[in-house]
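Peer 1: let's see this in three dimensions:
(one chain, ligands or ions: 3)
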Amino acid sequence: MNGMQQILENGSHVLDRVPFPMMLATKDMTVLWWSIEAEKIFGFTSEEVVGLQHPFMEENRTVIQTSTWEQVLHANEPVRLEKIILHTKQGKPVQVSVIVNSMTIDDELCLMFVYEIGNYQTADQPPFNQELASLKNGLDETFMLTYLNVDGLITYANALFIKTSKWTPKRVIGKSFWQLFPEHSTDKGVTQIWHALKSNRVWQGSVEKISRDGDAYWVDMTAIPVLALNGEPLYFAILEIDITEKRLLQMHLEQIAYVDPETGLMNRHHLESIVSKMITEKRNFYFLYLDIDKFYTLKDMHDDESDTTLLVEFAKRMKMYFQDSHIARVGEDEFVVITPLSDWFIQGFLTYLKQHPIYIRHKAIPISISGGITRYPEDQSTFLHLMKASSAIIHKVKQQGGGNIVSLSKANHAALSRKTIIEKRLLEALNHKDLQVVYQPQVDLHTGKVNTVEALVRWEDNVLGTVSPNELIPIAEETGLIHDIGTFMFEQVCQQAATWHNEGNSRKISINTSVREFRDKNMVKIVRRSLEESGCPAHLIQIEITEKFALEAESEKSIIRQMYQLQNDGISFVLDDFGTGYASFRYLQLLPISELKIDQLFISGLLQQEKLQKLVHGLIQFGKSMDIRVVAEGVETREQFDLLKELGCDAIQGYYISRPVPANDLERSLKNLEI
Ligand code: C2E
Ligand code: CA
Ligand code: CA
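Peer 2: Ligands and ions are numbered 1, 2, ... in the order given. Here you go, the predicted model:
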């Protein structure tokens with residue numbers, strides 16, 4: 001072997017300049033020589049491998065069959081083996097092409113291995129392994145980097161990872177991936193990551209992790225499965241970047257949004273989410289709404305600083321007294337306590353406050369509070385209803401002088417639950433078209449004839465009895481069911497008007513509407529559809545709006561637009577309850593109004609008060625000057641009727657003429673009219 005030794009000693013200088021990893025082996029695969037480049041790429045030093053049996057770089061040592069070497073040994077041409085996976089000393093897989101050449105040195109048959117890694121070295125490209133190395137360096141400096149084997153055990157962790165996770169390099173190797181997460185997240189989040197990796201997918205997202213000391217830290221993670229040629233995962237690379245600070249800042253911001261900064265109590269928003277959660281969990285609780293009485297007077301007496309002190313001290317007392325309760329600040333001087341503690345305990349807070357007065361500049365400040373208690377689920381079933389009901393109680397308490405905490409009284413309770421029942425049953429009544437329409441005639445004083453009637457809704461419910469429009473309409477407006485009532489009324493009224501029209505008794509029908517109905521962009525469509533379906537001529541329909549409606553319509557262009565569209569169709573508009581609200585003559589210029597209805601309020605006192613007579617006279621004159629018809633409603637007596645006629649009124653409506661009656665009874669009641 002002298003010759004060979006020599007060649008190796010002299011030749012290695014030359015061969016070591018070849019920019020490929022190389023290896024020389026005997027025919028029975030004992031390594032004779034290992035190039036410097038091979039040391040660099042595979043991590044094994046020459047001393048470690050010379051004399052060893054090849055293939056030491058193949059993990060399961062079966063990738064290249066021994067029979068292959070037999071073939072190579074007897075071939076005249078070099079043999080090229082493609083896409084072979086070898087492992088570095090660190091266990092990292094590297095894909096190579098191997099060129100094997102047989103050669104005879106000193107009569108001994110040897111094998112020269114040249115390893116090509118990727119697309120090795122083209123003219124102006126850095127060698128691939130060098131590129132990889134730079135990339136890896138870059139990643140190492142920026143990311144925490146760990147490798148997992150396919151069983152999820154850590155095989156490698158870089159310095160950044162060690163620094164943040166507080167593990168020692170020795171101890172972290174072999175730990176399972178799951179051990180790096182806090183216990184509570186193991187079921188959901190981590191399984192997801194693991195599942196993605198196992199299905200050969202990259203996973204990306206933010207996760208909470210835990211250091212060796214048990215401290216939580218947050219990372220943005222990219223988990224990458226590294227696949228072999230056959231598509232099987234070889235190992236997993238986990239790149240992480242520490243985002244704990246960002247996360248803490250975000251949590252702090254969320255907290256600010258959730259907490260009242262002055263008192264440290266939760267804010268209304270947070271309270272609402274807590275209450276909603278308790279409601280979904282069907283947990284019983286008392287809902288206490290508290291308000292500091294005369295807070296504003298107190299404010300005048302003190303400066304900003306003492307106001308803050310007062311609030312902070314008050315909040316402290318609430319926290320002391322209502323332990324195991326949720327306390328929120330929901331307004332300037334308004335608070336809500338959600339508590340499992342019952343009425344009498346809650347009311348005891350009044351005494352507690354007296355025993356623990358608040359001092360400002362060594363002076364005890366007398367504060368009095370008003371509170372309302374509502375129970376869930378007995379009294380109210382939503383956050384909004386609990387708020388409303390409790391604040392309604394406070395309103396009453398304050399009217400009676402404040403300084404008291406009252407729970408929803410039986411009367412109140414009945415009223416509130418009646419409202420809830422109305423809401424429920426109204427929905428059903430509308431579905432079954434169980435509402436009725438009654439008509440109240442209006443006498444035209446110029447002709448003595450009834451050519452207009454007002455349609456009024458009626459609801460007779462089996463459970464609730466008669467529900468008057470004055471009770472029904474506000475609830476319907478609040479719940480949005482007013483749209484359904486409106487649609488129902490337009491359908492019924494158009495049909496009725498068409499029927500009378502076809503019978504040769506053409507009469508205008510006046511319908512009451514709420515501004516909320518006109519906020520629906522489809523209002524015009526709904527009215528037109530009712531007209532078309534019934535064949536009712538548009539000029540037989542008149543729409544009544546209130547002054548409140550007019551006030552709101554003034555600033556909403558789409559309402560005005562819809563009114564003009566309907567007017568173009570032939571529908572006319574009446575300003576109802578004229579004089580009771582925000583009477584402004586502006587509406588009459590802005591909105592398409594052709595009739596005024598003087599409210600009953602002016603009519604009932606008409607005979608007794610001369611001032612009212614002058615006012616009504618003025619209104620009538622005003623209408624005439626603007627070419628607007630003036631109608632008086634709520635006329636109950638002959639005297640009122642005569643006086644209004646004298647004052648120049650155009651039409652009269654009221655019990656004196658007829659009560660509102662069903663359509664079928666109208667003809668009969670008209671016959672009795674003697675004007
Ligand atoms: P309103 O439009 O001012 O209707 C006149 C109310 O006065 C009617 O009450 C009517 O029955 C009553 N009334 C008529 N003549 C006399 C009288 O001589 N003396 C007295 N004391 N009262 C008289 P009703 O039917 O209870 O309706 C109350 C209110 O409910 C109506 O006031 C109207 O604003 C509203 N409303 C009724 N039906 C509807 C509807 O279908 N839709 C909408 N949005 N509101 C309606
Ligand atoms: Ca009306
Ligand atoms: Ca009216």
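Peer 1: secondary structure element holding residue 104?
Peer 2: strand 93-105 (DSSP states H and E).
Peer 1: likewise for residue 438?
Peer 2: Short version, using DSSP H and E: residue 438 is in strand 436-444.
Peer 1: these two touch, right, residue 224 and residue 236?
Peer 2: Yes: using C-beta atoms under 8 Å, residue 224 makes contact with residue 236 at a distance of 6.8 Å. Placement of C-beta: from N, CA and C, glycine included.
Peer 1: out of the two, which sits in the busier spot?
Peer 2: residue 236 (24 against 18; other C-beta atoms under 10 Å).
Peer 1: what sits against that one?
Peer 2: Contacts of residue 236 were listed using C-beta atoms under 8 Å, 6 or more residues apart in numbering, and they are 147-150, 152, 197, 223-226.
Peer 1: pull out the buried positions in stretch 560-580.
Peer 2: Buried residues in stretch 560-580, counting neighbours by 16 or more other C-beta atoms under 10 Å, are found at 560, 562-563, 565-567, 571-579.
Peer 1: which among these gets closest to residue 329?
Peer 2: Set against residue 329, the nearest of those by C-beta to C-beta is residue 577 (39.9 Å).
Peer 1: am I right that that closest one falls within a strand?
Peer 2: Yes: under DSSP: H, G, I helix; E, B strand; the rest coil, residue 577 sits within a strand.
Peer 1: quick one: the helix or strand residue 488 falls within to strand 436-444, angle?
Peer 2: Here residue 488 is covered by helix 482-502, with elements defined by DSSP H and E. Between the axis of helix 482-502 and that of strand 436-444 there is an angle of 60 degrees, by axes from the mean of the first three to the mean of the last three C-alpha atoms, to 10 degrees.
Peer 1: related to what we said a few turns ago, quick check, nearest of the contacts of residue 236 to ligand 2?
Peer 2: Closest approach to ligand 2 among these (C-beta to the ion): residue 223, at 69.5 Å.
Peer 1: confidence score at the residue at minimal distance from the centre of the chain?
Peer 2: In the chain, the centroid-proximal residue (C-alpha atoms, centre = their mean) is residue 273; its distance is 10.9 Å. Confidence at residue 273, expressed as pLDDT, is 88.
Peer 1: domain parsing of this protein, as residue ranges.
Peer 2: Using automatic domain parsing, the domain parsing of the chain gives 2-116, 143-246, 258-408, 419-671.
Peer 1: out of the buried residues of stretch 560-580, which is nearest to residue 73?
Peer 2: residue 562 (96.0 Å).
Peer 1: can you get me a residue count around residue 661?
Peer 2: 17.
Peer 1: so it sits right up against residue 450, yeah?
Peer 2: No: with contact defined as C-beta under 8 Å, residue 661 does not reach residue 450; the gap is 11.9 Å.
Peer 1: how about the helices in the stretch 251-400 of the chain?
Peer 2: With helices called from DSSP state H, counting those that start in this stretch, the stretch 251-400 of the chain shows them at 268-280, 295-301, 304-321, 343-355, 383-399.
Peer 1: out of those, which one sits most buried?
Peer 2: helix 383-399 (a mean of 18; mean count of other C-beta atoms under 10 Å).
Peer 1: neighbouring strands of the helix or strand following that helix in the sheet, and parallel or not?
Peer 2: Sequence order places strand 405-407 as the next helix or strand after helix 383-399, per DSSP H and E. Sheet pairing for strand 405-407, assigned by DSSP bridges, gives strand 369-376 (parallel).
Peer 1: report the angle between the strand it pairs with and helix 343-355.
Peer 2: Going by the same axes, to 10 degrees, strand 369-376 makes 160 degrees with helix 343-355.
Peer 1: name the residues that touch strand 369-376?
Peer 2: 275, 278-279, 284-293, 343, 346, 349-350, 353, 380, 386, 389-394, 397-398, 402-408.
Peer 1: next one: stretch 636-656
Peer 2: Counting by C-beta under 8 Å, 6+ apart, 440-446, 452, 454, 597-598, 600, 603-604, 606-607, 613, 616-617, 620-621, 623-624, 629-635 sit against stretch 636-656.
Peer 1: for ligand 1, what are the nearby residues on this structure?
Peer 2: Contact residues (C-beta under 6 Å from any ligand atom) of the chain with ligand 1: 440, 456-457, 468-470, 473, 485, 489, 512-514, 544, 576-577, 600, 634-636, 654-655, 660.
Peer 1: show me the shaky parts of the stretch 401-550 of the chain.
Peer 2: By pLDDT under 70, the weakly predicted segments of the stretch 401-550 of the chain are 409-417.
Peer 1: ok, 90 please
Peer 2: For the stretch 401-550 of the chain, the stretches flagged by pLDDT under 90 are 401-404, 406-425, 427-428, 431-433, 461-466, 474-475, 477-480, 515-516, 519-521, 546-550.
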